[in-house]
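A.B. asks: need the 3D shape of this:
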Amino acid sequence: PSLESNAEATHSNGSGLPPGCTPLTMSRLFQIKSLRTTSPSEKDERLTWAQLETAIEQIYRKNSSNLSYEELYRHVYNLVMHKHGEYLYRQLSDCIGRHLSTVSDTIVSSHDNLLQVLNDQWVDHQSTLRMIADIFMYMDRVFVKTRQLLPVPTLGLNLFKDHVANHDRVHTRLLDLILEEIRKERTGEVIPRTVLKNITAMWLALGIDTRAVYENSFEVPFLAASSQFYALEAQEFIAACSCADYLSKVERRLTEETERVYNYLDRETLPKIRAAVERAMLEDHLQTLFEMDTGFITMLRDDKYDDLARFYRILHPIPAGKTRLQRQFGEYVLSLGEDFLKDEEKSKQFQPFVQSLIDLKAKFDRIIGRCFLTPGDNAPDRAFVQEMNDAFTAFINRNTRAPEFVSAFLDDLLRRGLKGMTESEMDGLFDQTIAIFRFLVEKDVFENYYKQQLAKRLLLRRSASDELERMMIAKLKQESGYQFTSKLEGMFTDIKLSEDQQEDFRQHVVTHSHDLPVEVHVSVLTQGYWPNQVLSKCILPPRVEQSVQVFKDYYLGAHNGRRLTWQTNLGTADIKARFKKIYELNVSTYQMCVLMLYNRADNLTYTQIATATDIPEKDLQRALVSLACGKAKILLKHPPRPAVAPTDQFRFNAAFTNNHRRIKISSVVARQQAAVDPQATRQRVDDDRKHLIEATIVRIMKARKTMDHQNLVSEIIKQLAARFRPHPRLIMQRIESLIEREYLERDREERRLFKYLA
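C.D. replies: Numbers count the residues shown, from 1 in each chain. Okay, the predicted model is just below:
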């Protein structure tokens, strides 16, 4: 910059300073002077260029140590300042071109050593071009910039491209040699990677900020040759290898190509060469790979995690391959589920049904979690998770008893509690069961079963732990929302209030000096929370009836306006029975009513028992079978057959003995797991659905005011999807019912349009 500013100053007034200024002299130190210039003649111009040309030749000969770069720079400066820039630029271009012509001849004359010779010449050209550019810097900054010509470094690259890289006898041989070296490396030979790296860098540099030269001279033919190489190799491998071995070879090839790019090719070549390998070795053979006996299905069946992970990794970048992998995965899961449903031993009982589903889902969760991980975030691929969920939803709901079985499985768990399990293991089992619950379409059916079973656990005190019960309800609430569990939580609230109320009743008895013949514990239930029970009357023993009346007077006195309805079928009793020894029997209320009759008689007929207790026929038969035909034969039946007939007689078994002092008389219903009547439950569910659909219709129409049939049906299905999937015919029936009751009306002109009536 100082030379340029000095030159401008000299041009202005010949003294190196602006007009009116004198040079500044610093005493005894130094004096700033302008660069001296002369006005060369045409002869001097040629002589000056001759000196510069000689210097350039010395640089090319690597004999530049004796050159004066300051003098050479001054020669360039003088020529440019005196309007000889065009001459200088042309002469420089010709000089470099002549030299590069000799370089190309040298390269052409080399035979097997062409790569090394070209590499050496390219390295020399880069270093000499930097020296030349330094000498001609002033020309670049003043003349070249003004005329918008190519700077010396760019000029040198273009000349090298024209004279050397694109030389007819260099370009083709160079490409062939490069491709041959790459082929050798693919077959396991060692090649000069540094030389190849320099040559590919040369093509990139010759493109002058573009990849055009690199692409045309190397990348396009490289990709074509690679595609041909791998197409032949794929045919060879696929004929001789198993699916797992073939995929392993493909993955190794992809890794090698990635390393090759990082070692000596341009990074932007990576996705292109990978795509070429994938197309030649995978896309063109997808059908064969999926149909091989050792293919994807076999890997799934045999839990080949490493092979499955490789299959996924390799096909993930290929849309058609990944889509087919997902589809085949979903089809395999569905086929296993259908085979499972055909196994009557597993599909007809709740325990093996749900446990097998849990095990099956755990298997596929494990496969997805270990094999189908999305590149980058290393999380399970959501597409495969969705395929699995869709398959499970499809085949589980083909078993119409699936909601009942899932509820019964949870009921069994909550009755048994933590037997042989830690709390964390039980929590994990709850989560696994909730995952199966998530696949149920008829969640309202599950809710109905669960509510009835929870009621029995709470009222009959068969639940192993209140903490586990609340844990399960919390999980259901998290999964399906507050509305789904509000009644379940209300049932717990009732039990807690009943316990507090029972304590208050005890205080009431003491305070008022009531004489209770029998201690009673009453649970008062809110009718809206608990399952609707069929009212069954029963004549209680006089002493029990007296205690019940005391509680009734106490409760109605404390809660004016309420009404108590007794559910004797849900009660239990503890009885002391005197045989040869005294035993404590835990029985149902109906069993208690039967047994208390034997305080007055030792032998009774079925008809006498039925008249004295007024227990419904089926309930009485179950109670008698439990007492006379179970493990603990408190009564002796005549004739001794399992079925109960009106003519049967039942005698008190005075000779009864047992190793335990406290004995629980299990009911036949509990042993057969038939405590919940499926037919009655289904009827209740259907009735509930009618009300729920109508409420949803009214809620939607109240907000929209007017809606056509198709959109209304779609919105109803969408809002009810979390509980069940209503059939359009059922929806239409409820719409017609609402029209009859004047909640809705049809538009007079457009009959498929409905209007809300306030």
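
A.B. asks: mind jotting down where the strands sit in the chain?
C.D. replies: 572-578, 582-588, 603-605, 635-638, 649-652, 662-664, 706-708, 744-746, 753-756 (DSSP state E).

A.B. asks: any idea how far the third one is from the chain center?
C.D. replies: Spelled out, it's strand 603-605. 67 Å (CA atoms, centre = their mean, to the nearest Å).

A.B. asks: what does it rub up against?
C.D. replies: The set of residues external to strand 603-605 that reach it, using CB atoms under 8 Å, 6 or more residues apart in numbering, is L597, Y598, A612, T647, D648, Q649, F650, R651, F652. From N, CA and C alone the C-beta is placed, and that goes for glycine too.

A.B. asks: list buried residues within the residues you listed.
C.D. replies: Neighbour counting over the contacts of strand 603-605 (16 or more other CB atoms under 10 Å) leaves L597, Y598, A612, D648, Q649, F650, F652 as the buried ones.

A.B. asks: could these go into TSV alongside distance to M137 and pLDDT?
C.D. replies: Shown next, in TSV, are the buried ones among the contacts of strand 603-605 (distance: CB to CB, whole Å; pLDDT from 0 to 100):
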residue	distance to M137	pLDDT
L597	123	94
Y598	124	93
A612	124	93
D648	123	90
Q649	127	92
F650	123	93
F652	125	93
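
A.B. asks: what's the closest of those residues to P642?
C.D. replies: Closest approach to P642 among the buried ones among the contacts of strand 603-605 (CB to CB): D648, at 11.0 Å.

A.B. asks: quick one, what contacts the closest one?
C.D. replies: D648 neighbours (CB under 8 Å, 6+ apart): T605, Y606, L624, K637, H638, P639.

A.B. asks: closest one of those to R741?
C.D. replies: Taking CB to CB as the measure, L624 is the one of the contacts of D648 closest to R741, at 47.9 Å.

A.B. asks: my read is that that closest one contacts L636, right?
C.D. replies: No. In this structure, L624 is not within contact of L636 by CB atoms under 8 Å, at 11.4 Å.

A.B. asks: what's the overlap in contacts for the two?
C.D. replies: By CB under 8 Å, 6+ apart, the residues touching both L624 and L636 are F650.

A.B. asks: of those two, which one has the most company?
C.D. replies: L624 (23 against 17; other CB atoms under 10 Å).

A.B. asks: check the gap between that one and Y590 for me.
C.D. replies: Remark: distance between L624 and Y590 (CB to CB, to the nearest Å) = 9 Å.

A.B. asks: run a quick neighbour tally on N399.
C.D. replies: By other CB under 10 Å, neighbour count at N399 equals 17.

A.B. asks: what residues does it make contact with?
C.D. replies: So N399 contacts L341, S347, F353, F405 (CB under 8 Å, 6+ apart).

A.B. asks: for I56, give its distance to R98.
C.D. replies: Taken as CB to CB, the span from I56 to R98 is 10 Å.

A.B. asks: returning to that earlier point: can you say which of the contacts of N399 are buried?
C.D. replies: Looks like these have L341, S347, F353, F405 buried, using 16+ other CB under 10 Å.

A.B. asks: closest one of these to T128?
C.D. replies: The closest of the buried ones among the contacts of N399, once distances to T128 are taken by CB to CB, is L341, at 81.2 Å.

A.B. asks: turn the contacts of D648 into a markdown table, columns for pLDDT and distance to E447.
C.D. replies: Formatted as a markdown table, these follow (pLDDT from 0 to 100; distance: CB to CB, whole Å):
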| residue | pLDDT | distance to E447 |
| --- | --- | --- |
| T605 | 93 | 43 |
| Y606 | 92 | 39 |
| L624 | 91 | 34 |
| K637 | 89 | 40 |
| H638 | 89 | 45 |
| P639 | 88 | 44 |
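
A.B. asks: could the residues you listed be laid out in TSV, adding distance to T106?
C.D. replies: Formatted as TSV, these follow (distance: CB to CB, whole Å):
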residue	distance to T106
T605	127
Y606	122
L624	116
K637	118
H638	123
P639	121
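
A.B. asks: show me how to select, in PyMOL, the buried members of those residues.
C.D. replies: Selecting the buried subset of these in PyMOL, with 16+ other CB under 10 Å as the burial test, is done by:
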select buried, resi 606+624+637
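
A.B. asks: quick check: closest non-adjacent residue to F395.
C.D. replies: G337 (3.2 Å; CB to CB, 6 or more residues apart in numbering).

A.B. asks: right, and that neighbour touches T393 too?
C.D. replies: No. In this structure G337 lies outside contact range of T393 using CB under 8 Å: 9.7 Å.

A.B. asks: so for these two, which sits in the more crowded spot?
C.D. replies: For G337 versus T393, neighbours defined as other CB under 10 Å are more numerous around G337 (19 against 15).

A.B. asks: look up how far I396 lies from that one.
C.D. replies: 7 Å.

A.B. asks: also E745?
C.D. replies: Note on E745: its distance to I396, by CB to CB, is 41 Å.

A.B. asks: one more: L712?
C.D. replies: 30 Å.

A.B. asks: for the nearest residue to F409 once chain neighbours are set aside, what are its contacts?
C.D. replies: The shortest distance from F409 to any non-neighbouring residue, by CB to CB, 6+ apart, is to V354 (3.9 Å). V354 is in contact with F405, V406, F409, T433, I436, counting by CB under 8 Å, 6+ apart.
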